[in-house]
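Asker: Sharing a model that was predicted from the sequence below.
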Amino acid sequence: MRKMLVAVGFCYLLGAAGPETPVSFNLIGTKMTILVPATQTNGESVTIQDEVAQGGGVPAHVHMREDETYVIIQGQFRFWRRHELIDAGPGTVLYMARNVPHQFRNVGTTPGTLAFTITPAGLEKMFLTISQRGLMWPKDQAAIISLSTQYGITNLPPLDQ
């Protein structure tokens, strides 16, 4: 809980405080909360907290438009960045540049939490659309891939093999 307060406090210092209430939603089995919405950064970035179940994560993909910076709040995660393997615990900060294939998984024995900033903002609209439509993987794989493509994301074969 203390690490969460530190992360929220850090976001406050960066200008996340304001009249807007954080928006939480379920995205394919994870709870996401928009901590710093694009409206507070003039579209420059969005910061999202992601609560990831044990074994959960995101499949390999590459962004054509966005850079991402991850901060691990709790739990143990494994990231793949191109051919690099990175084990990341609380306090770890990782940068994923656009056009660089990446994926991550919660490899810990408990749920994990991370916060990530997407620059520029906009990708959160895809997350919200997937959530609002109730799309689930693998059942709605074609619809999710179609949306991803619209947002400049290319899904890739797993990097962890």
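Answerer: That came in fine, so what should we check first?

Asker: If we ignore the residues flanking it in sequence, what's nearest the most centrally placed residue in the chain?
Answerer: Centroid check for the chain by CA atoms, centre = their mean gives Phe116 as the closest residue, at 5.4 Å. Leaving aside its sequence neighbours, Phe116 sits nearest to Tyr70 (CB to CB, 6 or more residues apart in numbering; 4.6 Å). Bear in mind the C-beta positions are built from the backbone N, C-alpha and C, glycine included.

Asker: still on that earlier bit, mean confidence for whatever helix or strand the residue nearest to the centre of the chain lives in?
Answerer: If you go by DSSP states H and E, Phe116 is part of strand 112-119. What strand 112-119 shows for mean pLDDT is 98.

Asker: What of stretch 147-161?
Answerer: Across stretch 147-161, the average pLDDT comes to 93.

Asker: Any idea how far apart the tips of it sit?
Answerer: Chord length of stretch 147-161, first to last residue, is 26 Å (CA to CA, to the nearest Å).

Asker: buried sites along that stretch?
Answerer: Across stretch 147-161, burial judged by 16 or more other CB atoms under 10 Å covers 147-148, 151, 153, 159.

Asker: what do you get for stretch 63-74?
Answerer: Neighbour counts using 16+ other CB under 10 Å place 63, 66-74 of stretch 63-74 among the buried residues.

Asker: what's near enough to touch Gly43?
Answerer: Applying CB atoms under 8 Å, 6 or more residues apart in numbering, we find Gly43 in contact with 120-122.

Asker: Most neighbours of all those residues, which one?
Answerer: For those, the largest neighbour count, defined by other CB atoms under 10 Å, is 22 neighbours, found at Ala121.

Asker: Pretty sure that one sits against Thr47.
Answerer: No - counting by CB atoms under 8 Å, Ala121 does not reach Thr47; the two are 9.3 Å apart.

Asker: Regarding Trp80, what is its secondary structure?
Answerer: Of the three states, Trp80 takes strand under DSSP: H, G, I helix; E, B strand; the rest coil.
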